[in-house]
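Asks: coordinates for the following, if possible.
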Amino acid sequence: MNTSLLKKSVLAALLAGTFFTAHAALKVGDTLPDLASFKLEGKLPDNLKGKIVIVDFWASWCLPCAESFPVLDELQKKYGDKLVIIGVNVDEKAPNMDKFLKKHPVSFTVVRDGERKLVAAVSPETMPTSFILDGTGKVRFLHGGFHGETTRKEYLSEIETLLK
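Replies: Down below sits the predicted model:
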């Protein structure tokens, strides 16, 4: 790994600690706040009621986020209209998000929380943080970080559990 990339990664990790609290304010059993009330940039899906929803908080500087995007995209394609994935970008500058999405195109919904109001309400513990919601909007599963195949298998198992 080159020194410049290492320095950027360390800086991003340190900055993440200043932007996010140590524990998620939104936890398993809680109901996700109404996303439409946060003035997110981008178009939210029209109807989430009755669907399994993954709300994934991510940033362009987050290396595990780049690893998680193909898995989330795979899940969206596999489960189709039974699952809604919403990627919530927390970058300060929209061009950083746009550049990331050009490198990592996805079929799921992506919005940006430029004012960080949703982030303040939810307090994700790390990047990425994913909340898996049942059909009523209640958080059933929570993932802090992305751990490759382990997280992928957990997502699959959790979605299958919610489909029963």
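
Asks: C-alpha only now, for contacts and for neighbours.
Replies: Noted.

Asks: ok, now which ones touch the residue sitting nearest the centre point of the chain?
Replies: Nearest residue to the geometric centre of the chain (Cα atoms, centre = their mean): D56, 1.2 Å. With contact set as Cα atoms under 8 Å, 6 or more residues apart in numbering, D56 has these partners: 85-88, 128-131.

Asks: now rank these by neighbours and give me the top one.
Replies: In terms of neighbours by other Cα atoms under 10 Å, the contacts of D56 top out with S130 at 27 neighbours.

Asks: helix, strand or coil for the residue lying closest to that residue once chain neighbours are set aside?
Replies: Nearest residue to S130 in three dimensions, chain neighbours excluded: D56, at 4.2 Å (Cα to Cα, 6 or more residues apart in numbering). Secondary structure state of D56, per DSSP: H, G, I helix; E, B strand; the rest coil, is strand.

Asks: quick check: D56 vs V90, distance?
Replies: Separation of D56 from V90 (Cα to Cα, to the nearest Å): 10 Å.

Asks: pLDDT below threshold where in the chain?
Replies: Low-confidence segments of the chain (pLDDT under 70): 1-24.
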